[in-house]
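Q: Below is the sequence, then the predicted model.
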Amino acid sequence: MKRRCFCIVDTIFFSMCYGMRYVKIYRLPSRSFAMLRKFKIQHRLIGTFLIVSVIPIIFLGFYAYKLYSQSISDKLFASTYQAITLVNKNLLTELQSYQFLNGSISTNEFVQANLANKRDQHLVPSTSKEAAMDAIFRTTFPSHVVTVSILNTDHTPFYELGYETINKRDIEKAIADVDANAPYDGLTYVRTTRAYETIAVGRRIHAEHDSSEQIGYAFVYVSTDLFSKNILSSVDLGEGSQLLIMGRDGTIFSSSDKETALGEPYRDPALLSMLRQAQQNNRSSFSGTVNNANQQVSYIYNEQIGWYLISLIPYSYINSEISQITLSIFFIVILIVIICIIIIYFMNNSIVKPIKGIIAYTNQISNREFSNRIQDDNDDEMSVLSRKINSMVSEIESLMDAQKLNDKRKRELELQMLQSQINPHFLFNTLNTLRWLAVINHVPVLNSGISSLSELLRSTILDHNEEITLDQELQNLAHYFEIQNIRYANRFQVSYDINDELRSVFIPKFILQPVAENAIIHGISENGKSIDIRIRVQQAAEQLHIEIADNGKGFDMKLQRASEHRDKLSGIGIHNVNERIRLHYGEPYGLFISSEVGEGTRCIIIIPIQKSVGG
């Protein structure tokens, strides 16, 4: 940005100094930082502050959050596994009493004798049967037993005791599970005929004298309340957490969640797949998506009874446990970031705002606005640069004022030289004599030409005013066209479209003749074809628009710029007209030319409307 400031000032300064031909350029070292200097200083400063302060703080806060979260998760995993280990121990302890009851039934002499002889239960005296069963149940009969059933090997009932009836299909299912899990006890979810939910704890009954001989089955149907209400519900793993007892085939035996259907596969089949995968990898805990939620899963698998004890803890609960510390870390990080942003804002403004002010000021200088100055009373480098620029602008303004005075004096001298070259009285007397000779000799063309030349020179020599009315300038232009028509044998016609209210407006003298000459020179072609020249004067807001257009041959704008200095009338050419207007009225005004080969040329002079000289 500094380079830009110096370039603008140097361009203006050296354009005002005539003697300067060579300028020494001081190049700022930039090769090592070429990539960085492609970005604005403001962006570089903000980027630097972000890299050295905000980003590290955010990173440290995130790291602390992850470290604490991992620590909490690990501790939660450990405590959860300890909890389900204790639950599993309680479950096995409870099951042992029902397994012991099955064992008592299987080894009872009465049961052994009758099942071994395959006697029909109807042939066994009921009193003997009741007496034998009472002897067993007096020893052990757990509170959650719903029904006790003893079957022959052909699945016919030998003995039943209880207040619930089991249908044949569920009995067959329980027998199949016992056979599949042999020699261990089998567990099967069974719903009674009255829809009472139970778990059938069953085993094969073998003959005492020959353990390889199976003589029947013993089943103890236990209420699921034993597991869901007495054991699983006593453990609280957190909001949204679940404890499940699942068979090896995915059937749910019990659940702490009342909405989980018992006796059916778990509602998310992916859970069983993940459990089997974890078993293969010897992992007792893992994370996974269960029921469309990310959850921590811990489990214990009982090989003998063939079930999984599973805990499901949603990560939403785990995260809530660490939300307080996370919130604290978040607010601390946000507070530090806000402080850093405030520091960045003030530091950035202390550097960038002065630079932007200098750039805005140099833009004013490039637009030739030298009346303002930079106000910066501080002691840093930007203040020094501002004061140096102010000093340079003051010098430039002085040089430009001197240049304007020189230009004005030069124009005055040029006009004086033109006026002093010929004795006016002698010239006009001579022209008048020639005009009368043309009249006497009946040469009207010569008469007209001499009259026009006389009037044109009269305006040039005798009228010393730099500004004349539009009407006077148009009269001079008419005389000029009269002279040129003689030269070009009437090969152009002139038409006027003038707003009469504008004829009294003052304009610089001799600004239309060079433009008219341009229309003739670049309009008339070698083939002798006539052209039309149109003069149009209109008002646009507070501006005067004078248009001189022709339908001639036109010219190439690029080629014409190279020879512009050769098109002159009395030393005042097209280029001079534009320069005079801009020196007189300022940059927005001037002469604007457009032309195309074969289409003609259009010249527009734009100046402010003046009702009086210098006004």
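A: Arrived safely, thanks for sending.
Q: ok, now how distant is L45 from G240?
A: 49 Å (Cβ to Cβ, to the nearest Å). All C-beta atoms are positioned from the backbone trio N, CA, C, and that covers glycine.
Q: ok, the two, which is more surrounded?
A: For L45 versus G240, the count of surrounding residues by other Cβ atoms under 10 Å is larger for L45: 18 against 15.
Q: average pLDDT across the longest helix seen in the chain?
A: The longest helix of the chain (DSSP state H) is helix 55-107. Helix 55-107 shows a mean pLDDT of 82.
Q: for stretch 475-492, same thing?
A: On average, stretch 475-492 scores 83.
Q: related to what we said a few turns ago, angle of the helix or strand following the longest helix of the chain against helix 55-107?
A: Downstream of helix 55-107, the first helix or strand assigned by DSSP states H and E is helix 109-116. Relative orientation of helix 109-116 versus helix 55-107 (axes from the mean of the first three to the mean of the last three Cα atoms, to 10 degrees): 80 degrees.
Q: just to revisit the earlier point, distance from the longest helix of the chain to the middle of the chain?
A: From the chain centre to the centre of helix 55-107 is a distance of 46 Å (Cα atoms, centre = their mean, to the nearest Å).
Q: got it, and stretch 223-235?
A: So, by Cα atoms, centre = their mean, the centroid of stretch 223-235 is 55 Å from its chain's centroid.
Q: Doesn't E208 belong to a strand?
A: No. The assignment for E208, made by DSSP: H, G, I helix; E, B strand; the rest coil, is coil rather than a strand.
Q: Spatially, which residue comes closest to it, not counting chain neighbours?
A: Nearest residue to E208, sequence neighbours excluded (Cβ to Cβ, 6 or more residues apart in numbering): Q112, at 5.6 Å.
Q: Now do the contacts for that neighbour.
A: 205, 207-208, 215 (Cβ atoms under 8 Å, 6 or more residues apart in numbering).
Q: Check N117 too.
A: No contacts exist for N117 under Cβ under 8 Å, 6+ apart.
Q: okay, now E259: neighbour count?
A: By other Cβ under 10 Å, neighbour count at E259 equals 7.
Q: My error: substitute M557 in the last question.
A: With other Cβ under 10 Å as criterion, M557 counts 13.
Q: Next one, pLDDT for it please.
A: M557 is given a pLDDT of 75.
Q: i'd like the first residue to be 13 from this point on
A: With 13 as the first residue, the last one maps to M569.
Q: how about the strands in the stretch 263-412 of the chain?
A: 264-267, 297-302, 305-314, 319-326 (DSSP state E, counting those that start in this stretch).
Q: Output those as JSON lines; include the columns mean pLDDT, mean neighbour count and distance to G598.
A: Listed next are the strands of the stretch 263-412 of the chain as JSON lines, based on pLDDT from 0 to 100; neighbours: other Cβ atoms under 10 Å; distance: least, Cβ to Cβ, whole Å:
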{"stretch": "strand 264-267", "mean pLDDT": "85", "mean neighbour count": "22", "distance to G598": "91"}
{"stretch": "strand 297-302", "mean pLDDT": "87", "mean neighbour count": "16", "distance to G598": "75"}
{"stretch": "strand 305-314", "mean pLDDT": "88", "mean neighbour count": "19", "distance to G598": "73"}
{"stretch": "strand 319-326", "mean pLDDT": "88", "mean neighbour count": "23", "distance to G598": "77"}
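Q: For S395, find the nearest of the ones you listed.
A: strand 305-314 (59.3 Å; Cβ to Cβ).
Q: So what touches that closest one?
A: Contacts of strand 305-314 (Cβ under 8 Å, 6+ apart): 85, 88-89, 92-93, 96-97, 100, 104, 283, 286-287, 290-291, 296-302, 319-328, 330.
Q: how many degrees apart are it and strand 297-302 in direction?
A: Using the same axes, to 10 degrees: strand 305-314 against strand 297-302 is 130 degrees.
Q: Name every strand pairing with strand 305-314 and say which way it goes.
A: Strand 305-314 pairs in its sheet with strand 297-302 (antiparallel), strand 319-326 (antiparallel), by DSSP bridges.
Q: residue ranges with poor pLDDT in the stretch 363-512 of the chain?
A: 382, 425, 427-451, 453-468, 470-476 (pLDDT under 70).
Q: among the contacts of Q124, which ones are buried?
A: 217, 227 (16 or more other Cβ atoms under 10 Å).
Q: Among the contacts of Q124, show me the least confident.
A: Out of those, that is E220, at 85.
Q: closest one to I480 among the strands paired with strand 305-314?
A: strand 297-302 (93.7 Å).
Q: And the contacts of that closest one?
A: So strand 297-302 is in contact with 89, 92-93, 280, 282-283, 286, 290, 306-311, 324, 327, going by Cβ under 8 Å, 6+ apart.
Q: Quick check: of those residues, which lies closest to K565?
A: N306 (83.6 Å).
Q: in the sheet, who's paired with the closest one?
A: T301.
Q: quick one, phi psi at the residue lying closest to L324 once chain neighbours are set aside?
A: In this structure, L324 finds its nearest non-sequential neighbour in Q254, 4.4 Å apart by Cβ to Cβ, 6+ apart. Torsion angles at Q254 (phi, psi; degrees, to the nearest 10) stand at phi -140, psi 150.
Q: My read is that Q254 contacts S323, right?
A: Yes. Counting by Cβ atoms under 8 Å, Q254 touches S323, with 7.2 Å between them.
Q: S507 falls within a strand, correct?
A: Yes. Assigned with three-state DSSP, S507 falls within a strand.
Q: The nearest residue to it once chain neighbours are set aside: what secondary structure?
A: Of all residues beyond its chain neighbours, the one nearest S507 is R546 (5.2 Å), with distances taken as Cβ to Cβ, 6+ apart. Classification of R546 using three-state DSSP returns strand.
Q: hang on, the earlier thing: mind checking the strands paired with strand 305-314 for the one nearest to I401?
A: strand 297-302 (65.5 Å).
Q: Just the closest of the contacts of Q124 to S235, please.
A: I217 (23.4 Å).
Q: Return the residues in contact with the closest one.
A: 117-118, 123-124, 127, 162, 226-230.
Q: out of these, which are buried?
A: Here, 16+ other Cβ under 10 Å leaves 117-118, 123-124, 127, 162, 227-230 buried among these.
Q: Does anything pack onto the helix or strand containing D182? Which helices or strands?
A: Using DSSP H and E, D182 maps to helix 180-193. Applying 3 or more Cβ pairs under 8 Å, 6 or more residues apart in numbering; DSSP states H and E, we find helix 180-193 packed against strand 157-164, strand 198-203, strand 209-218, strand 226-235.
Q: Alpha carbons of it, as PDB, please.
A: C-alpha atoms of helix 180-193 as PDB (Å, rounded to 0.1, in the frame of the first residue of the first chain):
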ATOM      1  CA  LYS A 180     -48.600 -77.900  24.400                       C
ATOM      2  CA  ARG A 181     -46.700 -75.800  21.900                       C
ATOM      3  CA  ASP A 182     -44.800 -73.900  24.600                       C
ATOM      4  CA  ILE A 183     -44.000 -77.200  26.300                       C
ATOM      5  CA  GLU A 184     -42.500 -78.600  23.100                       C
ATOM      6  CA  LYS A 185     -40.500 -75.400  22.700                       C
ATOM      7  CA  ALA A 186     -39.100 -75.700  26.300                       C
ATOM      8  CA  ILE A 187     -38.200 -79.400  25.800                       C
ATOM      9  CA  ALA A 188     -36.400 -78.500  22.600                       C
ATOM     10  CA  ASP A 189     -34.300 -75.800  24.400                       C
ATOM     11  CA  VAL A 190     -33.500 -78.400  27.200                       C
ATOM     12  CA  ASP A 191     -32.300 -80.900  24.600                       C
ATOM     13  CA  ALA A 192     -30.300 -78.200  22.800                       C
ATOM     14  CA  ASN A 193     -28.600 -77.000  26.000                       C
END
